[in-house]
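Asks: got a predicted model here, sequence first, then my questions.
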Amino acid sequence: MSGTDELLTWVQRTTSGYPGVNVQNFSSSFSDGLVFCALLHRYHPDLIDYSTLKQDEAAKNFEIAFSVASQLGIEALLEIQDMLIPSPEPLSVATYVSQFPKAFRGKIPTGIPPKVDKIFFTTNIVAQSKPVSQRSFERYNSSGAPCEKCNRPLSGISIEIAQKFYHKPCFTCTNCNTTLSTTCLTIVGKPYCELCARKTFNAIKSQNNNSNNNSNNNSNNNSNNN
């Protein structure tokens, strides 16, 4: 195993359990700043409040992480603007991250991954020609609210989409019942897989177009009669 692989394994182990963090590489996995924040929180929970962070506020996450890291003597080798892309340069990220184990040497990791409901984000793509694309929330739910699909009480990790809650096994496509990943397409607040969403959306769009055409034809006929 190379030094880079060992470092990646250390990052995966250290950030295990942190909401919003899934370390697979030294590029895209680091693009929202949460991995850096999780590493710092694991060893210095007094310096960073992970539960307040949001995945869609990458610039803020990087600003917090780089500031705290600087306080710990970690040299600022990365610029925020260079990280605000889908796939940051992996060698630069790995070089920066390699300072963390040294900075934490001899310190006991006391930070505990928080159970929060603020870390995941929703991205809306609203256009006349597209369904609405949303990424679901994973929440730690202890409210006992009912699941939208099975109507049984929710507890533990659940899915929220379009202000509706689901057990993870119940989070399926409205049309074909395929289990959905954390990304889905919604139409009128209902979750669909991409294929079914586009078929449903096109059908609705076609129906609306036909209604508009009929309405225009009726108007024209009325005008001609007059």
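Replies: Yes, it's here. Model, not experiment: these values are computed from the prediction.
Asks: so residue 201 touches residue 188, yeah?
Replies: No. Judged on Cβ atoms under 8 Å, residue 201 makes no contact with residue 188 at a distance of 10.0 Å. For glycine as for every other residue, the C-beta is placed from the backbone atoms N, C-alpha and C.
Asks: stretch 69-88: which residues count as buried?
Replies: Within stretch 69-88, the residues that count as buried by 16 or more other Cβ atoms under 10 Å are 69, 74, 78, 80, 83, 88.
Asks: need the contact list for the fifth one.
Replies: Counting by Cβ atoms under 8 Å, 6 or more residues apart in numbering, residue 83 touches 30-31, 33, 58, 62, 93.
Asks: neighbour count for residue 201 and residue 188, which is higher?
Replies: For residue 201 and residue 188, the more surrounded residue by other Cβ atoms under 10 Å is residue 201, and the numbers stand at 18 against 11.
Asks: how far away is the more buried one from residue 195?
Replies: 11 Å (Cβ to Cβ, to the nearest Å).
Asks: in the chain, which spans are strands?
Replies: With DSSP state E as the criterion, the chain has strands at 132-135, 137-141, 156-161, 164-167, 183-187, 190-192.
Asks: what stretches of this protein score poorly on pLDDT?
Replies: Within the chain, the stretches with pLDDT under 70 are 1, 115-145, 155-157, 162-163, 181-183, 208-209, 211-226.
Asks: burial check on residue 198, number of neighbours?
Replies: Residue 198 has 15 neighbours, counted by other Cβ under 10 Å.
Asks: let me redo that: residue 171
Replies: Residue 171 has 23 nearby residues by other Cβ under 10 Å.
Asks: skip the chain neighbours and tell me the closest residue to it.
Replies: residue 159 (4.5 Å; Cβ to Cβ, 6 or more residues apart in numbering).
Asks: so the one you found touches residue 165, yeah?
Replies: Yes. Using Cβ under 8 Å, residue 159 is in contact with residue 165, at 7.0 Å.
Asks: between these two, tell me which one has more neighbours.
Replies: Neighbour count, other Cβ under 10 Å: between residue 159 and residue 165, residue 159 has more, with 25 against 20.
Asks: beta partners of that one?
Replies: residue 138, residue 166 (DSSP bridges).
Asks: now do the contacts for residue 12.
Replies: Contacts of residue 12 by Cβ under 8 Å, 6+ apart are residue 23.
Asks: repeat that for 10 Å
Replies: 21-24, 29, 35 (Cβ atoms under 10 Å, 6 or more residues apart in numbering).
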